[in-house]
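> predicted structure and sequence below. I'll ask about it afterward.
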Amino acid sequence: MAYSDKVRGIYKDTLEGIQTQGLFKVERFIHSAQAADIEVEFPTGSSLKKVINMCANNYLGLSSHPDVVKAAHEGLDSRGYGMSSVRFICGTQDIHKELEARVTEFLGTEDTILFPSCMDANAGVFEAILTEEDVMISDRLVHASIIDGMRLCPAMHDTFKHSNMNHLEKKLQLHADKRLKVVITDGVFSMDGDTAKLDEMVALCEKYDAMLFVDESHSSGFIGKTGRGTHEHCGVLGKIDIITTTFGKALGGASGGCVSGRREVVEMCRQKARPYLFSNTIAPVVVAGVLKVLEVLSASTERRDKLEVNTEFWRKGLEEAGFVLQPGDTPIVPVMLFNAKLAQAFSNDLYHEGIYAMGFFFPVVPQGKARIRTQISAGHEMHHLEKGLDAFRKVGAKHGILGLSKKEIIEKFGL
Ligand SMILES: *Cc1c(COP(=O)(O)O)cnc(C)c1O
């Protein structure tokens, strides 16, 4: 069948459906480097506007840090642009092995294997280490890439209610007869910014002889006293069997991911994980950049400490202004608006005030839980945060929601 009118018609109808449901995603074009201050073309075709970015995963402000950029340049000069091969044929350089060793050290694990992205790490790891004799027991709010990875794996799948340890224990008892059991969670959950109870999960896994898998994409580099991640924050460094994480967020923000953990798990991935075997790994220029990021973070906790101070200031400011926030203490600070149209209007008004912060609504978050997800960065200075708070207060007042409770906002705007 060629690309006939019928085919085109089917796709056009589907896309129009997405549009009429109000779920069509439109991208805004950034004409500058990723940072606290960016220049944006929005709507498409309009002149550039300088805005403050408050919704990037650039938690440590390293996406365009001069030392990282310089290290990447040096990596480009010394190791070239591309690998033109997967790892096991001729796509492994010394710096790839060096990065694996540095990540192992940073995360406090036994070994590490790089993947093109954390999405690929999650897509490959379960199938590589589990069979139909085994079970995966995941938190109900894990990231989409973990869900895809579990779909590709023949092991049985079950879930437990979000962060509910009693429910997890029941599921561990229910699946006691399985050969291998893996409990699966995010370290920090990206939509609500809450933290997994890893100390309790480690205890349960020890009691019921299960492995623990944690996706640290929204934690690596800044959660915990020295930024190792949620396992450090919860006092269980060295006790997580399988960690996946990304270099595409706090750790420089370019791309790449990894599986880090028990030696045999990593070796199983090297032998069997399909995104590792059949896709090029991280480009040398990015490897060089991430190596510099880890060096910067290991030398000083200055950036994660600044991020903590910024986050506290931001959260307190929004609370005092009278917004309903999702509780937590990570740099993910969701301002709850509940109604999807209100979230969209609010985001547009913020943009008008020079603040770039996206509205999130169904299907990214559950129906009736629309929000503006703000994300704080060590790249924000006080003047950024103050301008941000001014804009939120102004737009909040315009919509008449300052000081309203969740119930009152829902009464006023509906769901
Ligand atoms: C962003 C994210 C990923 C994907 O990371 P990439 O390296 O961009 O593929 C995976 N898991 C979680 C929890 C994430 O937030």
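Looks like it came in fine.
> who in this structure is up against the ligand?
117-119, 122, 143, 145, 186, 190, 215, 217-218, 246, 248, 257 (C-beta under 6 Å from any ligand atom). Using the backbone N, CA and C atoms, a C-beta is placed for each residue, glycine as well.
> rerun that using 8 Å as the cut-off
Neighbours of the ligand within the chain, by C-beta under 8 Å from any ligand atom: 57, 117-122, 142-146, 186, 190, 215-218, 244, 246-249, 255-257.
> which PyMOL command selects the buried ones in those?
To isolate the buried ones among the residues of the chain next to the ligand in PyMOL, judged by 16 or more other C-beta atoms under 10 Å, type:
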select buried, resi 57+117+118+119+120+121+122+142+143+145+146+186+190+215+216+217+218+244+246+247+248+249+255+256+257
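> now, the residues of the chain next to the ligand that are in strands?
The strands, defined by DSSP state E, take in 186, 215, 244, 246, 257 from the residues of the chain next to the ligand.
> next up, the contacts around the first one.
The one in question is D186. 139, 141-143, 146, 196, 214-215, 217-218 (C-beta atoms under 8 Å, 6 or more residues apart in numbering).
> sorry, back to before: ok, so of the ones in strands among the residues of the chain next to the ligand, who is nearest the ligand?
Ranked by distance to the ligand (C-beta to the nearest ligand atom), these are led by T246 at 3.4 Å.
> domains in this structure, by residue range?
Domain ranges of the chain: 24-53+301-413, 66-299, per automatic domain parsing.
> which of those domains is buried the deepest?
Stretch with highest mean neighbour count among the domains of the chain: domain 66-299 (a mean of 20; mean count of other C-beta atoms under 10 Å).
> what's the span of it from first residue to last?
Criterion C-alpha to C-alpha, to the nearest Å; first-to-last residue distance in domain 66-299 is 16 Å.
> start the count at 757, not 1, going forward
Will do, 757 is the new start, and the previous item becomes domain 822-1055.
> what mean pLDDT does it get?
Domain 822-1055 shows a mean pLDDT of 98.
> same check, this time on stretch 781-790
Stretch 781-790 comes out at a mean pLDDT of 94.
> give me the distance from that stretch to the chain's centre.
Its chain's C-alpha centre and that of stretch 781-790 lie 18 Å apart, by C-alpha atoms, centre = their mean, to the nearest Å.
> residues in contact with it?
794-800, 804, 809, 812, 814, 819-820, 1009, 1112.
> determine the longest helix present in the chain.
For the chain, the longest helix by residue count, based on DSSP state H, is helix 1058-1077.
> for that one, which outside residues touch it?
So helix 1058-1077 is in contact with 815-818, 977-978, 982-983, 1052-1053, 1081, 1085-1087, 1089, 1091, 1130, 1132-1134, 1136, 1138, 1141, 1144-1145, 1148-1149, 1152, 1158, going by C-beta under 8 Å, 6+ apart.
> can you pull out the strands in the protein?
Under DSSP E, the chain gives strands at 785-786, 793-797, 805-809, 867-871, 891-895, 912-916, 937-942, 967-971, 998-1002, 1013-1017, 1088-1094, 1111-1112, 1115-1116, 1126-1131.
> average model confidence for the third one?
If I follow you right, that is strand 805-809. Per-residue pLDDT over strand 805-809 has a mean of 98.
> adjacent strands (with direction) for that strand?
strand 793-797 (antiparallel), strand 1111-1112 (parallel) (DSSP bridges).
> could you do the first one as well?
Next to strand 785-786 in the sheet, as set by DSSP bridges, lie strand 793-797 (antiparallel).
> save the domains of the chain as TSV, and put in distance to Y759 too.
What follows is the domains of the chain, written out as TSV (distance: least, C-beta to C-beta, whole Å):
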stretch	distance to Y759
domain 780-809+1057-1169	22
domain 822-1055	27
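> among the ones you listed, which is nearest G765?
Minimum separation from G765 across the domains of the chain (C-beta to C-beta) falls at domain 780-809+1057-1169, 18.3 Å.
> how distant is the closest one from the center of its chain?
17 Å.
> mind listing the helices for the stretch 1007-1156 of the chain?
With DSSP state H, counting those that start in this stretch as the criterion, the stretch 1007-1156 of the chain has helices at 1019-1028, 1030-1033, 1040-1055, 1058-1077, 1096-1108, 1138-1154.
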